[in-house]
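Trainee: Okay, predicted coordinates and the sequence, questions at the end:
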2 protein chains.
Amino acid sequence: MKPINIGLMGVGTVGGGTATVLKRNAEEISRRAGRPIRVLMAANRDVARAQEVVGPDVVVVDDALQVVNNPDVDIVVELIGGDTIAKDLVLKAIENGKHVVTANKKLLAVHGNEIFAKAQERGVMVAFEAAVAGGIPIIKALREGLSANRIEWIAGIINGTSNFILTEMREKGASFAEVLAEAQRLGYAEADPTFDIEGHDAGHKLTIMAALAFGIPMQFDKCYLEGISKLDGRDIKYAEELGYRVKLLGLTRRTDAGVELRVHPTLIPESQLIANVNGVMNAVLAKGDAVGQTLHYGPGAGALPTASAVVADIVDVTRLLTADPEHRVPHLAFQPDQLQDLRILPIEDVVSSYYLRIGAADRAGVLANITRLLAESGISIEAVIQKGSLSEGNAEVVILTHRVQEQAINQAIAAIEALESVEGKVVRLRMEELSN
Amino acid sequence: MKPINIGLMGVGTVGGGTATVLKRNAEEISRRAGRPIRVLMAANRDVARAQEVVGPDVVVVDDALQVVNNPDVDIVVELIGGDTIAKDLVLKAIENGKHVVTANKKLLAVHGNEIFAKAQERGVMVAFEAAVAGGIPIIKALREGLSANRIEWIAGIINGTSNFILTEMREKGASFAEVLAEAQRLGYAEADPTFDIEGHDAGHKLTIMAALAFGIPMQFDKCYLEGISKLDGRDIKYAEELGYRVKLLGLTRRTDAGVELRVHPTLIPESQLIANVNGVMNAVLAKGDAVGQTLHYGPGAGALPTASAVVADIVDVTRLLTADPEHRVPHLAFQPDQLQDLRILPIEDVVSSYYLRIGAADRAGVLANITRLLAESGISIEAVIQKGSLSEGNAEVVILTHRVQEQAINQAIAAIEALESVEGKVVRLRMEELSN
């Protein structure tokens, strides 16, 4: 059977990995796909480097537009990243009637609605398994594997850099700054790590999963983002004493009031499997009304794991290449005319449990006062521990609350901070049991 | 759009769950599938009971052949179980040009080759997500999500009854017999539990996964089965002291000599996520050459979780109903003319690490003699602990070995048992690091 011709845009880490996997597993892949799949053309700024990676049989150019306009290319694979050039190229490829496979989470989370509408109009597929959680086939699981379910929530450890940092902070008792420097040495964190550690990357991935799970448009601009850079090692330690691990969690949940869409450091009970996902690994926990909880775990980044997802998409697209568009799996799991514009909840309206750490100037007084203020706000307490010593000037009270709306806890915290017996700012972390 | 008509054969636990999910999530499901899906006809021995479950809109009959022969039925869902009547009905349905969705692992592991050949011939789909690991979309992951990979091995906790028993034995220090009785009271184990506790059920599921992973025919008859009924609580305790958990593991691995296909109690390092899968939950760990390890976790049984998988298959089949057969995903992941008849390794040829527990009549002598015998067989030792006391007559030596072929360890064990300083039979368990 005629081979499928791939046009590869971007021959960096993932692009190189994709070329490697397609070559190394060519036989295995064609036994599955029913026809050979090969890279016909590749575009990269550094042509010579790319030529070395993809081998002499592939035409390498420096202008990606040539890939998009090449009539012999069946599937365009976009691995450039970002949402400027990549966006133009993807839209142009779609316009040219080409199917697109991309690993570009930012492009989809920010411009996905426009891109999928265009793809729908032109009858082409845009596949994006590699955009979320690297090698874990989570897009396929949410879109197809759990299609019988009313999905209730999804919680994911979806940024490997942050998870590596949090794991090291816990295991070595090191500070955020120390571990970040180590992660940068090891190549797990970029020179400018903002995108990973402040939750942007996780927010992009969460936005995509929320769209698939609930049948809503992409709306990254409404995703609440809070990173790990201000985390104090003490809170990781105290959380552990209370039976919790601190993870940067992306959490999206359907509630009667709207959809929660939020990324922030979160206490999770250590008895949960996902609390034990360590290092650079990723995991996504999905709750469906029929299936209950399923966990999907694996490497969230890296050349070959991400290539695994890119190539799986290529095989999928190859299989459906000649099927008419209405029988393909919809891009966002739901038929395009069946998306709902559910409201995204502002973070103040979200309901969560909380971890509070409060500096005490006078321990006896502080507990009585805090307890009274929380009770007055209707916030009940699950656990209290006292740490440090008053004489050494580091007495602290740590409180775990039951579930309450965020604005109520914020008001209570303001009142607590105004107490004379309290010193400094209250540290507040969100806590999720993920039990149902 | 015209609704898809389901013919349901068997309205027991999973059949009832399937009817419930299709009704409860009808809107959600049709938003995904692009058209309504409804149960048109159901067959069950007890017609009145089934009618109550599926509601008054569904025609209920006691003869499943009527479902298979009903020209208005698009997809036949087989939830009868076993491989006698179910086999005839599935083959008849295929002959009648109907697509089939089944949860029947035994039917596929034993007669899958015949069934898929027939389906291929008639151009119909046979989908079976629910046959392995209940609600976990593992078939889809292996067949499509990891299609870029040369899959190296799969290890699964795929029998909830056994995992429940092992979890309770560890947590409560109870004996196998005690926990089995408890499991029977709770409904987690059948009155005759043989099928679950002796590894048959896990063997069926493993056979199906091996076929998907390696592109080989189903060959359950060559699957090595060893259950948990002879497990002594002591070994679970000693394993834990050494940092391991004992799980009933289904393991299939591609080696140069052939394919390993085996189910048996296995020591797994407690640092592995899969070692922490407890109670009735299931998990499958797959190793691909590109992706590395991915873990897929969730409920392996139960009405609604299994229905989640059945209905996901129904949605898949619905989407591809009018696509021509060559563009559908192949039943066994690989194109039907691309299956390879790799040799299944006899258990004697398998290479593994081992846990040995040896009764000692004379402790000083026993260690020296055992060490000598193992060294003579080229078996190196990873760890030794001594348990019990010679004076109380329960002195024991526990040894963990490095990797060695099973026939070599068996020979060494025979020699050890012949020692005068050794009492009784040597207990031997297999051990897998699952690290690469």
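Mentor: Everything's here; your move.
Trainee: farthest residue from the center of chain A?
Mentor: A:Ser391 (44.1 Å; C-alpha atoms, centre = their mean).
Trainee: Which pLDDT does the model give that one?
Mentor: For A:Ser391, the pLDDT comes out at 75.
Trainee: Look at A:Ser363 and report its pLDDT.
Mentor: Heads up, residue A:363 is Arg, not Ser. 67.
Trainee: Kindly apply the preceding question to A:Leu332 instead.
Mentor: What the model reports for A:Leu332 is a pLDDT of 88.
Trainee: Validate this expectation: A:Leu400 resides in a strand.
Mentor: Yes. Assigned with DSSP: H, G, I helix; E, B strand; the rest coil, A:Leu400 falls within a strand.
Trainee: Surely it is in contact with A:Leu374?
Mentor: No. A:Leu400 is beyond contact range of A:Leu374, at 11.3 Å (criterion: C-beta atoms under 8 Å). C-beta here means a position set from N, CA and C on the backbone, and glycine is covered the same way.
Trainee: Extract the CA atoms of stretch A:87-95 and return them as CSV.
Mentor: C-alpha atoms of stretch A:87-95 as CSV (Å, rounded to 0.1, in the frame of the first residue of the first chain):
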residue,chain,number,x,y,z
LYS,A,87,-0.3,28.9,14.7
ASP,A,88,0.1,30.3,11.2
LEU,A,89,1.6,27.1,9.9
VAL,A,90,-1.0,24.9,11.5
LEU,A,91,-3.8,27.1,10.1
LYS,A,92,-2.2,27.1,6.7
ALA,A,93,-1.8,23.3,6.7
ILE,A,94,-5.5,22.9,7.6
GLU,A,95,-6.4,25.3,4.8
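Trainee: Would you map out the domains in chain A?
Mentor: As assigned by automatic domain parsing, chain A contains the domains A:4-127, A:139-299, A:349-431.
Trainee: does chain B sit close to the first one?
Mentor: Yes. Residues of domain A:4-127 contacting chain B under C-beta under 8 Å from any C-beta of the partner chain: A:17, A:21, A:24-25, A:28-29, A:31-34.
Trainee: between these, which is closest to chain B?
Mentor: Within those, the smallest distance to chain B is 3.9 Å, found for A:Arg31 (C-beta to the nearest C-beta).
Trainee: picking that back up, out of the domains of chain A, the one nearest B:Thr102 is which?
Mentor: Taking C-beta to C-beta, domain A:139-299 is the member of the domains of chain A nearest to B:Thr102, at 15.6 Å.
Trainee: ends of that closest one, how far apart?
Mentor: Start and end residues of domain A:139-299 are separated by 14 Å (C-alpha to C-alpha, to the nearest Å).
Trainee: Next: stretch A:429-436.
Mentor: 20 Å.
Trainee: contact partners of it?
Mentor: For stretch A:429-436, the surrounding residues in contact (C-beta atoms under 8 Å, 6 or more residues apart in numbering or on different chains) are A:155, A:235, A:239, A:244, A:246, A:249, A:251, A:264-269, A:272, A:274, A:285, A:287, A:293, A:352-355, A:400-401.
Trainee: again, only this time at 6 Å
Mentor: Stretch A:429-436 is contacted from outside by A:155, A:264-267, A:272, A:352-353, A:355, using C-beta atoms under 6 Å, 6 or more residues apart in numbering or on different chains.
Trainee: Tell me the one of these nearest chain B?
Mentor: A:Gln272 (10.0 Å).
Trainee: Now distance to A:Val317 too, for the domains of chain A, in TSV please.
Mentor: Compiled in TSV, the domains of chain A are given as follows (distance: least, C-beta to C-beta, whole Å):
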stretch	distance to A:Val317
domain A:4-127	5
domain A:139-299	13
domain A:349-431	38
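Trainee: of these, which approaches B:Lys87 most closely?
Mentor: B:Lys87 sits nearest to domain A:139-299 of all the domains of chain A, at 25.8 Å, using C-beta to C-beta.
Trainee: who wins for proximity to B:Leu367 among the domains of chain A?
Mentor: domain A:139-299 (35.8 Å).
Trainee: Packing partners of the helix or strand of chain A at the bottom of the mean pLDDT ranking?
Mentor: Least confident element among the helices and strands of chain A, by mean pLDDT, DSSP states H and E: helix A:363-376 (a mean of 88). Applying 3 or more C-beta pairs under 6 Å, 6 or more residues apart in numbering or on different chains; DSSP states H and E, one finds that helix A:363-376 contacts helix A:406-417.
Trainee: And the helix it packs on, what does it pack against?
Mentor: So helix A:406-417, by 3+ C-beta pairs under 6 Å, 6+ apart, packs with helix A:363-376, strand A:422-431.
Trainee: Give the buried residues for the longest one.
Mentor: Applying a neighbour-count criterion of 16 or more other C-beta atoms under 10 Å in any protein chain shown, the buried positions in helix A:363-376 are A:363, A:366-367, A:369-370, A:373-374.
Trainee: so A:Ile236 touches A:Tyr244, yeah?
Mentor: No. The pair A:Ile236 / A:Tyr244 is not scored as a contact, 9.3 Å apart, by C-beta atoms under 6 Å.
Trainee: how about the strands in the stretch 1-150 of chain A?
Mentor: A:4-9, A:37-43, A:59-61, A:75-78, A:99-102, A:126-127 (DSSP state E, counting those that start in this stretch).
Trainee: Turn those strands into TSV, including mean pLDDT.
Mentor: TSV is the format used below for the strands of the stretch 1-150 of chain A (pLDDT from 0 to 100):
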stretch	mean pLDDT
strand A:4-9	98
strand A:37-43	98
strand A:59-61	98
strand A:75-78	98
strand A:99-102	98
strand A:126-127	98
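Trainee: want to throw these into TSV with mean neighbour count and distance to B:Lys98?
Mentor: Compiled in TSV, those are given as follows (neighbours: other C-beta atoms under 10 Å in any protein chain shown; distance: least, C-beta to C-beta, whole Å):
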stretch	mean neighbour count	distance to B:Lys98
strand A:4-9	26	32
strand A:37-43	23	32
strand A:59-61	19	47
strand A:75-78	28	33
strand A:99-102	27	31
strand A:126-127	24	30
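Trainee: can you give me phi and psi for A:Val277?
Mentor: Backbone torsions of A:Val277, given as degrees, to the nearest 10, read phi -90, psi 110.
Trainee: which ones are touching it?
Mentor: Contact analysis of A:Val277 by C-beta under 6 Å, 6+ apart lists A:157, A:283.
Trainee: On the pLDDT front, check it for me.
Mentor: Looking at A:Val277, its pLDDT is 97.
Trainee: And A:Asn96, by the same measure?
Mentor: Looking at A:Asn96, the pLDDT reads 98.
Trainee: Could you find the closest non-adjacent residue to it?
Mentor: Leaving out its chain neighbours, the residue that sits closest to A:Asn96 by C-beta to C-beta, 6 or more residues apart in numbering or on different chains is A:Val68, at 6.1 Å.
Trainee: right, and the one you found touches A:Leu91 too?
Mentor: No. Taking contacts as C-beta under 6 Å, A:Val68 lies outside contact range of A:Leu91: 9.4 Å.
Trainee: So between those two, which is more surrounded?
Mentor: A:Val68 (25 against 17; other C-beta atoms under 10 Å in any protein chain shown).
Trainee: And the more buried one, how far from A:Ala43?
Mentor: To A:Ala43, A:Val68 is 9 Å away according to C-beta to C-beta, to the nearest Å.
Trainee: hmm, back to that, which one of the buried residues of helix A:363-376 is nearest to A:Ala119?
Mentor: Nearest to A:Ala119 among the buried residues of helix A:363-376, with distances taken as C-beta to C-beta, is A:Leu374, at 51.0 Å.
Trainee: Let me see the contact set for the closest residue to that closest one other than its chain neighbours.
Mentor: What sits nearest to A:Leu374 in space, not counting adjacent residues and going by C-beta to C-beta, 6+ apart, is A:Ala412, at 5.7 Å. Taking C-beta under 6 Å, 6+ apart, we find A:Ala412 in contact with A:373-374, A:377, A:379.
Trainee: I appreciate the help and will end here.
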